[in-house]
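Could you work out the structure for the sequence below:
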Amino acid sequence: VVVEGDTPFRMNLADNKYVTVRDASGNMVPIGNFITPTQTSTAAVITRFNNFPAVKIGGNNAAGYSSGQALTALQEVADQVLPSGYSYAFADTSEQEIEAGNKTVYALSLGILFVFLSLAALYESWKIPFSILFGLPTGFFGAVVAAFAFNVYNDIYFQIGLLTIIGLAAKNAILIVEYAKVRVDNGMDVVQSAIEAAEIRLRPILMTSLAFILGNIPLALSTGAGSVSRSEMGIAVVFGVTSATIFQIFIIPMLFIVLERINFSGLRKKILKR
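Prediction:
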C-alpha cells in the first residue's frame, strides 16, 4: 500500500505525525509510533528508453580493437549475463553504425550500377561498360591489402574510400576504352586499337593518378584528433588507386579485346534457332 500526503505535508520528516493508521482496536494512531523515518537519496533523473526504465552505459573500444568488435563483444556479454526480463538496445552513434554496416553492400552495388548505366548511355552499348567494370576489383585489391598491412578496420570511413575508388578506377579505364572504341568504329583491328589506346593514354592516366595519389598522402598520414577517420579513407584511396593504375594499364585492353570479339547478336540468333 502506498500512502502519499499532499505537497505541504510531505516536505520534511516531522510531517509524518500527520499520517495516521487504524490499530487493532479501531483507533487512529500516528504512523510515527511504528516507524523511524530516515532520510536517503534517490535518483535525480529516471531514464527511460521506449517507455521502459533504462540505464545508459557509455564507453570506448580498447586500443587495437574496432568499434564494431566492441559492439559485438557487448552483445555477447549481454546475452550471457542479463537475467530474465532484462533487455538491451544500442542508441546514438552505435545504433547508426550498426545500421550503416548492414547497408555497405547495397551502397557499393548502387555505385557500380550507376557507373554501368552511365557508361551504357555514353557508349550506346551494353557490353563495352563491362570492360570497365571488370577492372574495378583491381582497386579493391589494393585497398584490402593495405587494410591488412596497416591494421585498418572495415568501418564506415574505409567503406567511403571504397566508394571513391569505384569512380577513380573507372576513370582510368574510360580513358583507354574510349580511344579504343573510336578506332574500332573507324575500322581498325581490335587488338591494334587496344594497344594504341593504352600507349596514347598512358601519360594522362599516370599524370591524373599520381596527382590524386600524392594529394591524398597527407590525408593517409594525418595525425591528431579525429585522424583515424581521415587516415582510413586516405589509406584506402591511395593504395586502391595505385593498384588500379598499375594493373588496369594491362588488364583493361585485354578485357576490351575479349568483349569486343564476343558476338552477342550471333549468340542470340543461335539461341533462338534452338
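
can you give me the strands for the stretch 51-200 of the chain?
52-53 (DSSP state E, counting those that start in this stretch).

residue ranges for the helices of the stretch 1-150 of the chain, please.
Taking DSSP state H, counting those that start in this stretch as the test, the helices found in the stretch 1-150 of the chain are 67-81, 92-101, 104-123, 128-133, 137-149.

Those: which one's closest to D189?
helix 128-133 (16.5 Å; Cβ to Cβ). (Each C-beta comes from the backbone N, C-alpha and C, glycine too.)

I'd assumed S229 was in contact with Y157.
Yes: applying Cβ atoms under 8 Å as the test, Y157 and S229 come out as touching, 4.4 Å apart.

ok, the two, which is more surrounded?
Shown here are Y157 and S229; by other Cβ atoms under 10 Å, Y157 has more neighbours (18 against 14).

picking that back up, out of the helices of the stretch 1-150 of the chain, which is the most enclosed?
Highest mean neighbour count of the helices of the stretch 1-150 of the chain: helix 128-133, a mean of 22 (counted as mean count of other Cβ atoms under 10 Å).

Enumerate every residue touching A78.
Going by Cβ atoms under 8 Å, 6 or more residues apart in numbering, A78 touches Y88.

ok, it to T72 distance?
To T72, A78 is 11 Å away according to Cβ to Cβ, to the nearest Å.

just how off-centre is stretch 239-249 within its chain?
23 Å (Cα atoms, centre = their mean, to the nearest Å).

where's the most centrally placed residue in the chain relative to S67, distance?
Among the residues of the chain, the one closest to the centroid is I156, at 3.2 Å (Cα atoms, centre = their mean). Counting by Cβ to Cβ, the gap from I156 to S67 is 9 Å.

Report the set of residues contacting both of the two.
Contacts common to I156 and S67, judged by Cβ under 8 Å, 6+ apart, are E97.

Just give me the neighbour total for T208.
Count around T208 with other Cβ under 10 Å applied: 16.

can you tell me which residues contact it?
Counting by Cβ under 8 Å, 6+ apart, T208 has contacts K171, N172.

Grab the nearest non-local neighbour of S94.
If the residues on either side of it in the chain are set aside, S94 comes closest to L71, at 6.0 Å by Cβ to Cβ, 6 or more residues apart in numbering.

got the contact list for that neighbour?
L71 sits next to F90, S94, E97, I98 when contact means Cβ under 8 Å, 6+ apart.

And the pLDDT for the last one?
So the one you mean is I98. Note for I98: predicted pLDDT of 72.

That one reaches D92, doesn't it?
No: if you go by Cβ under 8 Å, I98 and D92 don't touch, sitting 11.1 Å apart.

In this protein, what helix or strand scores lowest on average pLDDT?
In the chain, no helix or strand scores lower on mean pLDDT, DSSP states H and E than helix 264-273, which sits at a mean of 51.

Against I205, how distant is the residue nearest to the centre of the chain?
30 Å.

And for F239?
F239 is 17 Å from I205, by Cβ to Cβ.

Give me the more crowded residue out of those two.
Counted by other Cβ under 10 Å, F239 and I205 do not tie: F239 has more neighbours, with 25 against 20.

so how far is T138 from the more buried one?
11 Å.

same thing with N51?
Distance of N51 to T138, given as Cβ to Cβ: 52 Å.

Tell me how the chain divides into domains.
1-40, 57-92, 103-273 (automatic domain parsing).

Tell me which of those domains sits most buried.
domain 103-273 (a mean of 17).

Now do it: distance to the chain's middle.
Centroid displacement of domain 103-273 relative to its chain, using Cα atoms, centre = their mean, is 21 Å.

same question, stretch 34-41
Per Cα atoms, centre = their mean, the centroid offset for stretch 34-41 relative to its chain is 54 Å.

Contacts for it, please.
L13, N16, V21.

For the nearest residue to the first one once chain neighbours are set aside, give me the pLDDT.
When you say that, I think you mean L13. Leaving out its chain neighbours, the residue that sits closest to L13 by Cβ to Cβ, 6+ apart is P37, at 4.6 Å. Note for P37: predicted pLDDT of 74.
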